[in-house]
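J.: the sequence and its predicted three-dimensional model are supplied below.
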Amino acid sequence: MTADARRRRIYAAVRRIPRGRVTTYGRIAELAGLRGQARLVGYALAALEVDTAVPWHRVVNARGAISLPPGGHSALMQRARLEAEGVVFDGDRVALERWAWRPRTARGRHAGRFADA
DNA sequence: CTGGTGACCATTA
DNA sequence: TTAATGGCCACCA
């Protein structure tokens, strides 16, 4: 698989995140069929155009925090966009147990490390 | 080629 | 709870 194909899979996965929810880099990697390659997700997002339709702001790190340089323009925009969608921050992070998007892979009840609040 | 870096993460101590 | 470690891959010097 080419590097370009991986990037497109990553973007496709990010586009699936619903409004008002977040998910992690590692989770996107899994959905893109690239388990264990979370770093690639960050790299791919960094390559996006400024006016992209890909909802990159819905991707946070495993702690629920924004992984962009603190105080930077991009970080501020990410937080502003999330809050505009109703996502609430607790300090510098969002509670994943509450805001993480869980695609329907859950069989019957909660299947992942993100349970409902 | 080699080595370093990055919007990362799970594991281990 | 925080720190260190090893693994991952694309890109660049």
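T.: Good, I have the coordinates.
J.: please make it C-alpha for all contacts and neighbour counts, starting now.
T.: Will do.
J.: thought A:Asn61 was touching A:Ser67, still the case?
T.: Yes. Counting by Cα atoms under 8 Å, A:Ser67 touches A:Asn61, with 6.1 Å between them.
J.: and those two? Which one has more around it.
T.: Remark: of A:Ser67 and A:Asn61, A:Asn61 carries more neighbours, 19 against 15, as counted by other Cα atoms under 10 Å.
J.: how about the helices in chain A?
T.: Listed in chain order, the helices of chain A (DSSP state H) span A:3-15, A:25-31, A:38-46, A:73-84, A:96-99.
J.: and A:Leu82, what is it in contact with?
T.: A:Gly20, A:His57, A:Arg58, A:Val88 (Cα atoms under 8 Å, 6 or more residues apart in numbering).
J.: okay, the helices of chain A in TSV with mean pLDDT and distance to DNA strand C next?
T.: Output for the helices of chain A, formatted as TSV (pLDDT from 0 to 100; distance: least, Cα to the nearest atom of the strand, whole Å):
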stretch	mean pLDDT	distance to DNA strand C
helix A:3-15	97	4
helix A:25-31	97	9
helix A:38-46	97	5
helix A:73-84	96	20
helix A:96-99	96	13
